[in-house]
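Q: this one's structure only:
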């Protein structure tokens, strides 16, 4: 088999759809594919051999690979590979453009657009000077993508986009594109509306005020070519509203072009998700604009209608609805009712288990907005929730039951719990009524049981300041019943793996440090079934929950399990069985000497198993098991096998362990951190590829998060111990890596939070002597820009706990910088001005420190919300 055929077979094994490809083969092939992605020689191979490939999958992969390198790794491409890529994309592929399939074109055009942006300005006059003489089918598809790319702002390419947009305005290219779009519209070509929807963000202001242009839009809405025409026109109108211009002019354009009643009528007559989505985005943008002038009630009402229409549209208008609720308390009741009805509709969906994670995330966003109104004037949240009590029926209305239980649990977890706790007790017996029912359950009933379990898991349920004393919202008897139901449901074959994991995650989590422990009753048959399954999900759950049983029973179960485990290990079991044994140990909390000795024996035996050490998830389980078996000595066991700790799961587990017990191992810190720096770079490299392949990889996110947390805290501790020599040796590696992570993944909340946290921690090591003091001063100023990357995110969920925590961290970091650079009191203000804010913005920011703590959060939210609006209205 020649090399081309070999590569084709590898690609097909990873991406093909044949039933003959087993999961094991596909996983191995995908791992190999990720390594291929990172190899420049492979890119050159595909460029050279594209026409020799016979499988469509291989050709599609080749274009995807080119896309990846041009977009993500252009700086690592050699001049030769750039030249080859340019020749391939704009000569080889254009020559046969009409013969390409739609899926190939879908990969080709973005690669061409990105390459033109990356190599600007070298071949522009040559390419764009003859663009409109090219194959028209290519021209319109290229411009539709190219104009979209010019509207994408990310920190790493922002300055480049500014230069390109300025160039195409100065050369008249923007005018040509605008006129080309209008020409396509007169030809009834939908691509005209497509191109127009984005080129209005770039084109000169004069075009937007042209009455003939207005007529084109209005005629398109009245007589659309197809439904996509309406979508593109709504997108066009939204981008016009975002276009920088004087307030009076923008107000006039909105009043001329956007009619709320017309939009409402279009929505009513259209049964189309894309139209709903584009209309919702338009309404959200206009509503936010009008709120700045204390007007726009029509748009607020339409926003509420979108909340009730569909979950996806509700998410799109949530920002403007939330802002209106914060600005006008009198609208809160109506908005809260709409949001609760949306939550009920989500939990009542007959297909809820198909996209449960998405629904759960959406409902959490809605609940965050609802909770934000508690404590504000004219708040009736509890009364509105209580109004649904007559409809609470587990058999007929499980969606309403889920919504009520979910909302009460959200309040129980919030700071309002201590105030509203006694009132919430009224729901206790009502909710416990669902425990009288036995499986099998419908999908909606399973979700309801999941959220009832959450009350027991997320909050042990002690209500403070009750007239009856301290009362558990879920009694021990009820908790025993919940555990039995969840464990029964999680063992059913017809329940998805995702829901099984969620159900078992809501079993109560034991800790020696808790003072409110329960004493639960368990069915011995269920316990035996879980133990003997030798599956990590089940053994881990049993190991955790059995701590709530009578101590003698828990110890007996432990001893029985370890006897069973030793017998299984003697028979050379599969990796999954070993993982299940390690999962049981990692969740164990039993100080019985015999139990600990059994764990140590098992872990020592597994530690010598190379197949476990080379499997990332298994190694992560082993590292967690080290902690229970050896406590502080667990770090030494990890150092013994550190060369194997290089995958995201094992790195995350090791970081957690090392942070707990690193102090006795001070001499190993440089070695350990150097290893972590090297492997985290590889993990990030793989993560970039997986993102391009649309492979969900939360393990890498967790590894990056734990790496940042561990490294920054250790550096702070070393500095406090006056071990500055170690700090100085580590900083040159850590700082650029932190900068890269921050600028690359600022939009992932958990990573963003830990980047800011690392910056705040690094501030405390500012007093390093000599050149390093100067270096850190430069670092802080550099990171000031990174700390404001949040403005690149068009719609931040400021109602969520994580984003509110992030902006508080940003504010704390800026306050620290203010004290460091007292000689330059306006350096933060200058940065705000660069982001489009008025000169007085810094005074508004500084004044927040004078507010009461209860008011700071809302003022910070409003500040960063406004700063983002200013940034996106910069005329670039």
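A: Arrived safely. All of these numbers come straight from a predicted model, not from anything done at the bench. Numbers count the residues shown, from 1 in each chain.
Q: what's downstream of the least confident helix or strand in the chain by mean pLDDT, the next helix or strand?
A: Least confident helix or strand, the chain: strand 462-463 with a mean of 51, by mean pLDDT, DSSP states H and E. As assigned by DSSP states H and E, the chain's next helix or strand after strand 462-463 is strand 471-472.
Q: residues making contact with the helix or strand just after that following strand?
A: Downstream of strand 471-472, the first helix or strand assigned by DSSP H and E is helix 476-490. With C-beta atoms under 8 Å, 6 or more residues apart in numbering as the test, helix 476-490 has contacts from 432, 435, 438-439, 441, 446, 449-450, 452-453, 456, 474, 495, 499-500, 503-504, 506-508, 518-523, 526, 530, 537-538, 541, 545, 548. To be clear about C-beta, it is placed using only N, CA and C from the backbone, and glycine gets the same treatment.
Q: in the helix or strand just after helix 476-490, what's buried?
A: Downstream of helix 476-490, the first helix or strand assigned by DSSP H and E is helix 497-505. Buried residues in helix 497-505, counted by 16 or more other C-beta atoms under 10 Å: 499, 500, 502, 503, 504, 505.
Q: quick one: contacts for the closest residue to residue 640 other than its chain neighbours?
A: Nearest non-adjacent residue to residue 640, counting by C-beta to C-beta, 6 or more residues apart in numbering: residue 607, 7.9 Å away. Shown in contact with residue 607 (C-beta under 8 Å, 6+ apart): 613, 622, 637, 640, 641.
Q: Domain map for the chain?
A: Under the assignment the TED database, the domains of the chain span 1-93, 120-252.
Q: Any idea which of the ones you listed has the lowest pLDDT on average?
A: Note on these: lowest mean pLDDT is at domain 1-93, with a mean of 84.
Q: from the middle of its chain, how far away would that domain be?
A: 28 Å (C-alpha atoms, centre = their mean, to the nearest Å).
Q: now swap in stretch 846-864 and tell me
A: That offset, for stretch 846-864, works out to 26 Å (C-alpha atoms, centre = their mean).
Q: What residues sit buried inside it?
A: Buried residues in stretch 846-864 (16+ other C-beta under 10 Å): 848, 856, 857, 860, 861, 862, 863, 864.
Q: so where's the stretch 351-500 of the chain shaky on pLDDT?
A: Applying pLDDT under 70 to the stretch 351-500 of the chain flags residues 458-470.
Q: mind listing the strands for the stretch 651-800 of the chain?
A: Shown for the stretch 651-800 of the chain, no strands are assigned by DSSP state E, counting those that start in this stretch.
Q: nearest to residue 382, of the domains of the chain?
A: domain 120-252 (37.0 Å; C-beta to C-beta).
Q: what about the closest one, how long is it end to end?
A: This stretch, domain 120-252, spans 37 Å end to end (C-alpha to C-alpha, to the nearest Å).
Q: ok, now stretch 249-266?
A: 26 Å.
Q: For the remainder of this discussion, apply numbering that starts at 742.
A: All set: I'll call the first residue 742, so the last point we hit is now stretch 990-1007.
Q: For it, buried residues please.
A: 991, 994, 995, 998, 999, 1001, 1004, 1005, 1007.
Q: roughly how far is that stretch from the heart of the chain?
A: Between the centre of stretch 990-1007 and the centre of its host chain there is 34 Å, according to C-alpha atoms, centre = their mean.
Q: contacting residues around that stretch?
A: 949-950, 955, 958-959, 962, 971, 975, 978, 981-982, 984, 986, 1016, 1020, 1023-1024, 1027, 1030, 1039-1040, 1043, 1046.
Q: out of these, which are buried?
A: Of the contacts of stretch 990-1007, these count as buried by 16+ other C-beta under 10 Å: 949, 958, 962, 971, 975, 978, 981-982, 984, 986, 1016, 1020, 1023-1024, 1027, 1030, 1039-1040, 1043, 1046.
Q: Could you report the pLDDT at residue 1405?
A: pLDDT, residue 1405: 85.
Q: Then residue 1294?
A: For residue 1294, the model assigns a pLDDT of 83.
Q: I'd guessed residue 1318 sits against residue 1274; true?
A: No - judged on C-beta atoms under 8 Å, residue 1318 makes no contact with residue 1274 at a distance of 9.6 Å.
Q: which of the contacts of residue 1348 tops the neighbour count?
A: Ranked by neighbour count (other C-beta atoms under 10 Å), the contacts of residue 1348 have residue 1363 at the top, with 28 neighbours.
Q: any idea whether it is helix, strand or coil?
A: At residue 1363 the chain is in helix, as set by DSSP: H, G, I helix; E, B strand; the rest coil.
Q: I'd say it and residue 1344 touch.
A: Yes - here residue 1363 lies in contact with residue 1344, judged by C-beta under 8 Å, at a distance of 7.0 Å.
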